[in-house]
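> Give me coordinates for this.
(2 chains)
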Amino acid sequence: MKMVQSEKLIFEYEKRDEEGNVIGMNRAIDGVDIDISEGDFVAILGHNGSGKSTLAKHMNAILVPSGGTMWVDGRDTKDPLELWNVRQSAGMVFQNPDNQIIGTVVEEDVGFGPENLGVPTDEIWKRVEDSLKSVGMLEYRSNSPNKLSGGQKQRVAIAGVLAMEPKCIVLDEPTAMLDPNGRKEVIRTVQELRRRKKVTVILITHYMEEVIDADHVYVMDNGHIVMHGNPREIFSRVEELKRYRLDVPQVTMLAEELRQNGLQLPSGILKTEELVEALCQLNWNT
Amino acid sequence: MSIKLEHLNYIYSPGTAFEKQALKDISLEISQGEFVGIIGHTGSGKSTLIQHFNGLIKATAGALYYNGENIYEEGYNMRELRSQVGLVFQYPEHQLFEADVLSDVCFGPKNQGLSQEECERRAKEALDLVGFPEKYYQQSPFELSGGQKRRAAIAGVLAMRPGVLVLDEPTAGLDPKGRDEILNQVEHLHKSTNMTVILVSHSMEDIARHVDRIIVMNRGEKMFDGRPKEVFAHYRELEEVGLAAPQVTYIMHALKARGLDVRTDATTVEEAAKEIIRSFHD
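Reported below is the predicted structural model:
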C-alpha cells in the first residue's frame, strides 16, 4: 500500500521585485518522484534551500503542486474536496515547538486537533490519553506546556498530531532546536510509534545520526532527488554527500578515515557497535 | 580584556510565585584570546549567563568585572560595555531589517556615532571577516541563503569591533556544510584577531572540534570547567544532565572495554583515528 507518492512533481513560485511586480519564476521542486509505502521510515536530507521543506509541505497539502501529482494515501492533494482527508492522513510536526503549542494545559493542546475534526468528547479524551501515553508524556497531562523542556514540548506536539490518528507523520527538522537529550527523546519516540503503531514516518533532518535506522533515504539538491537508497548505501558515498553540503555520522567518518589509513574495514559502517565489532575482529586476526 | 564573575546569582521574578533562581553562585574568569564553549541542557542557565556578560541582565547578587572594573558600580559606562561584548543571539537573521546587507551591518557602528565613511569601512571589514561575498553587499538580506543571512547578522555585531564575541547557537538550523563553514570562519576570526570568543552550542562534536575550554552549566550552576578532554571524560555525568560526549569518545571507551589498548580521551575524528592506528601498529 502506497502512503505518499509523487510523480514529476513541480513547484514554482513567483519571484517579485520591490514594487511587487513578477520578475520571474523560481522552481523549488523540479520533477520529483517519490514512493513511500505504508509503515516505512523515510528520511529526507538536503542542504538549506534544497527543497526538502517545500516537498514536505506537499505531503499535507499546505502547498499543492504547480505541475505533476502528489498522492497521499491514494488521494490527489490537488483535489480541494480531498483537502481535509489528506490533512487527516498526514500530520506535520515543525521545527520550533513554541510555534505549535497553543493550549495552556498539555491535554488541552493535544485535544485541539481531534476537537477540530468533530470527534465526540469521550473519544477525544480517550485519544488524548492514548497519544500522551505513546510519547511518554501522560504524567504531564495537567501541566502548563511552557514549563516543559524543548524535547518534552516536541513530544507534546507529536501527541497532538497523533490524536488526529494520521496514518503518516511528517517531521520537518523536529530536533533542530533541542539539546542532545531532547534530540534523543524525540527520535526514540518516533521509532517507538513506528514500531508499535505502524505509523509511516517521514523525517527531515540535518543530523545524519538520526537517519541510520531509516528504511530509505532521499537526498535533495536544487529541487531534485539526487540520491536514493538505504542508509548504508547513502553513507558509503561520502564524497558525493559532501558535494551536496551534507555529511556522514561521526562513526562513519572515523571508519572512512581508518580505511584510508590501511585498516581493512567494511564500507558503510553506521553505528558505534558495528565499528567496535569490526575493529575487534581485525585486532584478533592480526 | 577579561571577564570575571564573582559569586554571581540571578533570580527571576523575585518575591512572586514565579520566582526562580536561574544562576547560582557562579565564579569564573575568561581571559583575553580564549575560545570558550558553554554547554548545558535547555533551561540550564546558559543564555541567562551570557546576557550578564554585556550587562543585558543585572545580577541579583555578586559582581562582574570587565577589564577589572565592576560593571555594577555607579557611573559605569554600560553603553561602551555593550559594544565591547558583542552578543549574537539565536537565529540572529531574524534581526536583519535594512534594505541591503551593507546598511544592515552599518547599523551598529552608526549607533556608536561614527561617520558614514568609517561605518562602511568597518562594515566591509566585518563582512570580510565572516567570509561574506562582496557581490551580495547591495542585496536585500531577506533574499540570502540561511548561511549567508547568518554571516551578515554576525558581521553586524563584529562591525562594532567588540573585544569579545558571544555566539548563542550560531549553527542551529544550518545544514552540515553551513555549520562547518560558520564555525571554521569563527575559528579563523579567533586566530587572526585574537578576539575572545564564547560559543554556546548543543553540538558536542562542534564544541570538541573548536574550543580550548568548556564550561558546563546545570540547573543554574557551573558543573565543570576545563579542557575538552577533561570535561568529556565525565561523559556519564554529562549524560545524567542531558548532555553527552562526542560520538567518537563513546567509540574509544567501547574499544577499551573490549580489550583494545587505546587511550579513551579522543574527542574528534582525527584524534580517534590517530589513536586507533597507533594501537594497531604497536
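> Give me the nearest residue to the residue of the stretch 1-150 of chain B found nearest chain A, chain neighbours excluded.
Distance from chain A to each residue of the stretch 1-150 of chain B (Cβ to the nearest Cβ) is smallest for B:G146, at 3.9 Å. Bear in mind the C-beta positions are built from the backbone N, C-alpha and C, glycine included. Nearest non-adjacent residue to B:G146, counting by Cβ to Cβ, 6 or more residues apart in numbering or on different chains: A:N48, 3.9 Å away.
> same deal with B:L87?
Excluding its sequence neighbours, the residue lying closest to B:L87 (Cβ to Cβ, 6+ apart) is B:V166, at 4.9 Å.
> With A:V119 instead?
With Cβ to Cβ, 6+ apart, the residue lying closest to A:V119 is A:R127, at 6.9 Å.
> ok, now which ones touch the one you found?
By Cβ atoms under 8 Å, 6 or more residues apart in numbering or on different chains, the contact set of A:R127 is A:111, A:114, A:119, A:162-163, A:165.
> between these, which is nearest chain B?
Checking the contacts of A:R127 one by one against chain B (Cβ to the nearest Cβ), the nearest turns out to be A:L162, at 22.8 Å.
> wait, that closest one sits on A:M137?
No. With contact defined as Cβ atoms under 8 Å, A:L162 does not reach A:M137; the gap is 10.9 Å.
> Tell me how many other residues surround the residue nearest to A:C168 when sequence neighbours are not counted.
In space, and not counting its chain neighbours, A:C168 is closest to A:T200: 4.0 Å by Cβ to Cβ, 6+ apart. If you count neighbours by other Cβ atoms under 10 Å in any protein chain shown, A:T200 ends up with 25.
> Next, work out how far apart A:T200 and A:Q88 are.
14 Å (Cβ to Cβ, to the nearest Å).
> cool, and A:A214?
Distance from A:A214 to A:Q88, by Cβ to Cβ: 24 Å.
> follow-up on the earlier one: looking at A:L162 and A:M137, which one has more neighbours?
A:L162 (27 against 23).
> quick one, phi/psi of A:H216?
phi -140, psi 150 (degrees, to the nearest 10).
> you'd agree B:R209 is up against B:V186?
No. Taking contacts as Cβ under 8 Å, B:R209 lies outside contact range of B:V186: 11.3 Å.
> Comparing these two, which residue is more hemmed in?
B:V186 (23 against 20).
> Need the per-residue pLDDT for the more buried one.
Here the pLDDT value assigned to B:V186 is 92.
> what's the closest non-adjacent residue to it?
Spatial nearest neighbour of B:V186, excluding adjacent residues (Cβ to Cβ, 6+ apart): B:V197 at 6.2 Å.
> next structured bit after the helix or strand where the one you found lies?
Per DSSP states H and E, B:V197 falls inside strand B:196-200. Where DSSP H and E defines the elements, the next helix or strand beyond strand B:196-200 is helix B:204-210.
> what does chain B have sitting close to chain A?
Within reach of chain A by Cβ under 8 Å from any Cβ of the partner chain, chain B has these residues: B:40-43, B:140, B:145-147, B:172-180, B:202, B:204-205, B:242-244, B:246-248, B:250-251, B:254-255, B:258-260, B:269-270, B:272-273, B:276-277, B:280.
> what about 6 Å?
With the criterion set to Cβ under 6 Å from any Cβ of the partner chain, chain B comes near chain A through B:41-42, B:145-146, B:172-173, B:175-177, B:202, B:242-244, B:247-248, B:250-251, B:254-255, B:258, B:260, B:269, B:272-273, B:277.
> Which among the residues you listed count as buried?
Neighbour-count burial (16 or more other Cβ atoms under 10 Å in any protein chain shown) applied to these gives B:41-42, B:146, B:172-173, B:175-177, B:202, B:242-244, B:247-248, B:250-251, B:254-255, B:260, B:269, B:272-273.
> taking these one by one, which sit in helices?
Judged by DSSP state H, these include B:146, B:176-177, B:247-248, B:250-251, B:254-255, B:269, B:272-273 as members of helices.
> Buried residues in stretch B:48-58, which are they?
B:48-55, B:57.
> nope, stretch A:58-78 is what I meant
Neighbour-count burial for stretch A:58-78 [16+ other Cβ under 10 Å]: A:58-61, A:63-65, A:68, A:70-73, A:75, A:77-78.
> cool, stretch B:61-72 as well?
Here stretch B:61-72 shows B:62, B:64-66, B:71 as buried, counting by 16+ other Cβ under 10 Å.
> Kindly report the same for stretch A:135-144.
Those would be A:135, A:137-138, A:140-141, for stretch A:135-144 by 16+ other Cβ under 10 Å.
> How confident was the prediction at the residue nearest to B:N70 when sequence neighbours are not counted?
In this structure, B:N70 finds its nearest non-sequential neighbour in B:A63, 5.4 Å apart by Cβ to Cβ, 6+ apart. The predicted structure scores B:A63 at 96 on the pLDDT scale.
> Provide the secondary structure category for B:A63.
Assigned with DSSP: H, G, I helix; E, B strand; the rest coil, B:A63 falls in the strand class.
> From B:Y76, how far out is it?
11 Å.
> What count of nearby residues applies to the nearest residue in space to B:Y235 that is not next to it in sequence?
Ranked by Cβ to Cβ, 6+ apart and with sequence neighbours excluded, the top spatial neighbour of B:Y235 is B:A245, at 3.7 Å. By other Cβ under 10 Å, 24 other residues sit near B:A245.
> Confirm for me that B:A245 is in contact with B:H234.
No. B:A245 lies out of contact with B:H234 (Cβ atoms under 6 Å); the separation is 8.4 Å.
> Can you tell me which of the buried residues of stretch A:58-78 end up in helices?
Under the assignment DSSP H, these contribute A:H58 to helices.
> For the closest residue to B:H253 other than its chain neighbours, list the residues it contacts.
Distances taken as Cβ to Cβ, 6+ apart put B:T264 closest to B:H253, at 5.1 Å, once the chain neighbours are dropped. Applying Cβ atoms under 6 Å, 6 or more residues apart in numbering or on different chains, we find B:T264 in contact with B:252-253, B:256.
> And B:T264, how close does it get to A:T272?
From B:T264 to A:T272 the distance is 13 Å (Cβ to Cβ).
> do the same with A:Y13
Distance from A:Y13 to A:T272, by Cβ to Cβ: 43 Å.
> Now do stretch A:68-76: distance from first to last residue.
End-to-end distance for stretch A:68-76, by Cα to Cα, to the nearest Å: 10 Å.
> Contact residues of the stretch 151-286 of chain A facing chain B?
So far as Cβ under 6 Å from any Cβ goes, the stretch 151-286 of chain A lies against chain B at A:176, A:179-181, A:206, A:245-247, A:250-251, A:253-254, A:257-258, A:261, A:272, A:276, A:280, A:283.
> mind listing the helices for chain A?
Under DSSP H, chain A gives helices at A:52-58, A:83-89, A:106-116, A:121-134, A:150-162, A:180-197, A:231-235, A:238-243, A:250-260, A:272-285.
> quick one: stretch A:13-29 to chain centroid distance?
28 Å (Cα atoms, centre = their mean, to the nearest Å).
> So for it, mean pLDDT?
Per-residue scores along stretch A:13-29 average to 83.
> How about residues contacting that stretch?
A:9-12, A:51, A:54-55, A:223.
> number of nearby residues for the closest residue to A:Y207 other than its chain neighbours?
Computed as Cβ to Cβ, 6+ apart, the closest residue to A:Y207 that is not its neighbour in sequence is A:T175, at 6.3 Å. Neighbourhood size, A:T175 [other Cβ under 10 Å]: 25.
> burial of the residue lying closest to B:P141 once chain neighbours are set aside, as a residue count?
With sequence-adjacent residues excluded and distances taken as Cβ to Cβ, 6+ apart, B:P141 is closest to B:L96, at 4.0 Å. By other Cβ under 10 Å, the residues close to B:L96 number 19.
> which residues does B:L96 contact?
B:104, B:141, B:153.
> who touches the helix or strand where B:I214 lies?
Secondary structure from DSSP H and E places B:I214 in strand B:213-218. With Cβ under 6 Å, 6+ apart as the test, strand B:213-218 has contacts from B:36-40, B:44-46, B:223-225, B:228, B:231, B:241.
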